[in-house]
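Novice: Below are the sequence and a predicted model for it; my questions follow.
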2 protein chains.
Amino acid sequence: MKLQVTQENFHKALSLTSRVANSKNTLPILGNVLLECLDGVLKITATNLDIGIVCRVNAKILSPGSITMPARLTQDFIASLPSGTINLETDDNKIKISSGSYSSTINGIIADEFPVMPQVQAKSAWKISEKDCKKALSQVAFAASNDDSRPVLTGVNFQTHEGSLYVAATDSYRLAEKSLGKTSDEIALLVPVAAMQDLLKLLGDGSGDVEVLCDDQQVLFTAGDAQLVTRLIDGKYPDYKRLLPSQFEHTATLSRAEALNITKVSSLFARESAGSVVIDFDKDSQKVVIHSVASQLGENTSSSDAVVSESGSITLNSRYLLEGLSAFGSDEITIGFNGKTDPCVLMSADDATYLHVVMPLRS
Amino acid sequence: MKLQVTQENFHKALSLTSRVANSKNTLPILGNVLLECLDGVLKITATNLDIGIVCRVNAKILSPGSITMPARLTQDFIASLPSGTINLETDDNKIKISSGSYSSTINGIIADEFPVMPQVQAKSAWKISEKDCKKALSQVAFAASNDDSRPVLTGVNFQTHEGSLYVAATDSYRLAEKSLGKTSDEIALLVPVAAMQDLLKLLGDGSGDVEVLCDDQQVLFTAGDAQLVTRLIDGKYPDYKRLLPSQFEHTATLSRAEALNITKVSSLFARESAGSVVIDFDKDSQKVVIHSVASQLGENTSSSDAVVSESGSITLNSRYLLEGLSAFGSDEITIGFNGKTDPCVLMSADDATYLHVVMPLRS
């Protein structure tokens, strides 16, 4: 195997793929990336057996072949090289890499030992805009659970409902949902959140599409030159749509920056009470007031002007409230709830396809 | 106690002082900062019993008094407030803090329990430019040891030698020394490096002076509105001047950026060999070549053009070399050494008051 590739292309492809390689795995080869030279293309693959990522970069192939290389060392080395052409050449299981006055020999492992990437049978295929997919995952994925005792909650759910596609995640304490608009496909896909965090890093803001190909067991996402394949989570996603209130007795609309700041200040005094803060809507003064108490350290009251429909009070976890508020891109935020034990919903007229729900704490 | 102070001033003073307060200390009051209202001045003090920091800020004192407050909570809270005037008022051991729509009550501890800051007897007093002191500490302090088994090496040494003041630190593997120029004072001061790291954060780039006042046990640094007091280290600092070579058999002068880059690349392959890299000066090709070997992973050779006086080879720890190269502010660097086991010296014509010495490894 012998080829030339630019430092920029090789570096970018290595940084996208090598994050799933892990040298601490019991199978040493999973700490390596697989390099394959095809017609004018260098294909780079890494996998942790749950998630596989493939990137293709243009290269001048002088002699075809394949090899695997230690992911971390290769990435760190290529990142340190100056921009320009890099020469790679194998000699048995060694790879010589040179660029200008830099020259290294890295010990590889033969490609035959690298696990074969699973083939996805095209039982269902559809596409979404790359930009929309990126935005949706960034607004939704953080709400998924990392507790393996309820596997379905560790997934991001793609599902059609009344002709529209929704992406959602919940850890049962809060829920984030993004609508991706009308679709004629019938979609129901529960993907591990770890894979979606990796997909997020593969996606750009370009005008391209993400192609999705899936069977009953796994799904393949293709965006430009990059591909990600992962297993699906088996199980039925909670029917959260049923729980979303459509009308609110109490609503307050206020500046999102103000809401973030008063919540942040209040959370400082909520460390002793597991983040618990009390939110009061006051119709008379048209204010939202947040109150928190730390029995040892003191207490805080912060307020912001708001448009309040009806006075009321609810107790929330300040971290969930902060993360929810941060996920919006809008200037204004509307907070709505009914009873003290009913879901509290964050929404915005400027970002109407996104909903964030926080379950109240007992006050 | 009742006062008004601007958020900017209060926030800055808290961030400078509260870093030495520690709520995990067995004495709870050491997690607090002491606030004292004097004539038109709010004085803020924090200490960990080794190091004490005092900041004075202008304030509108409506009623004098003093109290202590939890350092971390107070700092986080003040940092989150909008800029503008903050009102503080004590009510027994509680402090009410309000600013616009933010209002908090923080539980304090009475000031009487706060340890009294040690008074320094003025046995010796001198001053140095704040800007020079900051530069010197930033170039020197990182070379001190953090191993308490040889206490003198955990200090930064201020010492006059033939009428000039030198600041130095060493962990016995490398040494950094800055000359601060001629002085008529006779100075010999060994200060704990932790205190010098804190002093570094107090210093600005202004045209003021740092006043130094010391007795046999402790030293007080005053820079503008901030003061730091610390104990001195007892013991005799190694007579390192004796070990500094004045002439070099082998020297190479090269771009500092190139030297940093080839060392960084080489260090990637030196992880298995405890950072060991071999540096070759080649007179014929006028190059500096760095070589490192990782038996498991591979090997690397990187080179840079240089002006070489005489061919030679030395084995160094790549981390010490990187940290030494990084401490210079110059474009060019000269590396000089004599035998394979003699100290290797980094120096620069553009930064002639600074020397960095790295002891070689056995090759």
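Specialist: Received, thanks. Numbers count the residues shown, from 1 in each chain, chains lettered A, B, ... in the order given.
Novice: so which helix or strand takes in A:Ala320?
Specialist: Actually, residue A:320 is Tyr. It isn't Ala. helix A:318-327 (DSSP states H and E).
Novice: In the sheet, which residues pair with the spatially closest residue to A:Ser98 that is not a sequence neighbour? Tell me.
Specialist: Nearest in space to A:Ser98, with sequence neighbours left out and distances taken as C-beta to C-beta, 6 or more residues apart in numbering or on different chains, is A:Asn87 at 5.0 Å. To be clear about C-beta, it is placed using only N, CA and C from the backbone, and glycine gets the same treatment. With DSSP bridges as the criterion, A:Asn87 is bridged to A:Gln4, A:Ser98.
Novice: circling back to that earlier point, the next helix or strand after the helix holding A:Tyr320 to helix A:318-327, inter-axis angle?
Specialist: With elements assigned by DSSP H and E, the helix or strand that comes after helix A:318-327 is strand A:332-337. For strand A:332-337 against helix A:318-327, the angle by axes from the mean of the first three to the mean of the last three C-alpha atoms, to 10 degrees is 140 degrees.
Novice: For the residue lying closest to A:Tyr102 once chain neighbours are set aside, give its distance to A:Thr90.
Specialist: In space, and not counting its chain neighbours, A:Tyr102 is closest to B:Ser302: 4.7 Å by C-beta to C-beta, 6+ apart. Separation of B:Ser302 from A:Thr90 (C-beta to C-beta, to the nearest Å): 21 Å.
Novice: So for these two, which residue has more residues nearby?
Specialist: Taking neighbours as other C-beta atoms under 10 Å in any protein chain shown, B:Ser302 and A:Thr90 compare with B:Ser302 leading, 26 against 20.
Novice: can you tell me which residues contact the residue nearest the centre of chain A?
Specialist: Nearest to the geometric centre of chain A sits A:Gln197, at 3.2 Å (C-alpha atoms, centre = their mean). A:Gln197 is in contact with A:Leu137, A:Ala141, counting by C-beta atoms under 8 Å, 6 or more residues apart in numbering or on different chains.
Novice: Quick check: it is in a strand.
Specialist: No. Under the criterion used here (DSSP: H, G, I helix; E, B strand; the rest coil), A:Gln197 is helix, not part of a strand.
Novice: Just the pLDDT for it.
Specialist: Model confidence at A:Gln197, given as pLDDT, is 96.
Novice: tell me which parts of the stretch 51-200 of chain A are close to chain B?
Specialist: A:70, A:73, A:76-77, A:80-82, A:94-95, A:101-107 (C-beta under 8 Å from any C-beta of the partner chain).
Novice: what's the helix holding A:Tyr320 packed up against?
Specialist: Applying 3 or more C-beta pairs under 8 Å, 6 or more residues apart in numbering or on different chains; DSSP states H and E, one finds that helix A:318-327 makes contact with strand A:174-182, helix A:256-268, strand A:276-282, strand A:354-358.
Novice: Can you give me the buried ones in the first one?
Specialist: Right, the one you point to is strand A:174-182. In terms of neighbour count (16 or more other C-beta atoms under 10 Å in any protein chain shown), strand A:174-182 has its buried residues at A:Arg174, A:Leu175, A:Ala176, A:Glu177, A:Lys178, A:Ser179, A:Leu180.
Novice: And for the nearest residue to A:Ile97 once chain neighbours are set aside, the neighbour number?
Specialist: Nearest residue to A:Ile97 in three dimensions, chain neighbours excluded: A:Ser104, at 5.0 Å (C-beta to C-beta, 6+ apart). By the criterion of other C-beta under 10 Å, A:Ser104 has 26 neighbours.
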